[in-house]
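[1] quick one, fold the following:
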Amino acid sequence: MHVFVYGTLMRGFYNTFAQNLHTNATYIGKGQASGRLYDLGAFPGAVFDASADLKIKGEVYYVEKNVKSIMDSLDTYEGINDPEFDYYEKREAIILVNNTKIKALVYHLKIAVDTFTLIENGDYLEFLSKK
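    A predicted model of the protein is given here:
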C-alpha cells in the first residue's frame, strides 16, 4: 500500500509517528499531487483536487508489512475517528513519483480553509525554512 505524506510525517521530522513510518515502510521517493497546501499553524493540511493547477509536494512510502498497525498509527496521528480533532479524511489520490503516476492513500483536509495561509509552492519544508 502506498502512502503520500506532505507534512510532519516526512523525513526531517522526528516525532514518534514519523519515525515509525520511516522505520517500517519503504521510502519510494519525492512525489507530488494536484491540489492546495495550507499552513494550519503547527502543521499543514492538503486539499487534493485533480483539476487544480497547484501541486502538493511530499514523499511516497510503501507499506508492505504490519500494514494495519502502521496505518492505525498514522490514522491516530491524523485524528481519523477522533471527534475532537476532525480535520482529515483518508482518500486515494494520484501521485506522480519517479516519473510514474500511482494511487496512494492521502490525508485530505476536510475543514474550511478560508482562514489559513495557502502555501503556493506546495512545499511544507521550504515554507518552514522561510518562516
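[2] in the protein, where's the longest strand?
    Ordering each strand of the chain by length in residues (DSSP state E) puts strand 26-39 first.
[3] now it: mean pLDDT?
    Averaged across strand 26-39, pLDDT comes to 98.
[4] buried residues of that strand, list them for me.
    Neighbour counts over strand 26-39 (16 or more other CB atoms under 10 Å) mark Ile28, Gly31, Gln32, Ala33, Ser34, Gly35, Arg36, Leu37, Tyr38, Asp39 as buried. For the C-beta atoms, the positions are set from N, CA and C on the backbone; glycine is no exception.
[5] measure the second one to Gly122 for me?
    Taken as CB to CB, to the nearest Å, the spacing of Gly31 relative to Gly122 amounts to 11 Å.
[6] max-length helix in the protein?
    Secondary structure of the chain per DSSP state H: the longest helix is helix 67-78.
[7] which helices and strands does that helix pack with?
    If you count contacts as 3 or more CB pairs under 8 Å, 6 or more residues apart in numbering; DSSP states H and E, helix 67-78 packs onto helix 16-24, strand 88-97, strand 100-109.
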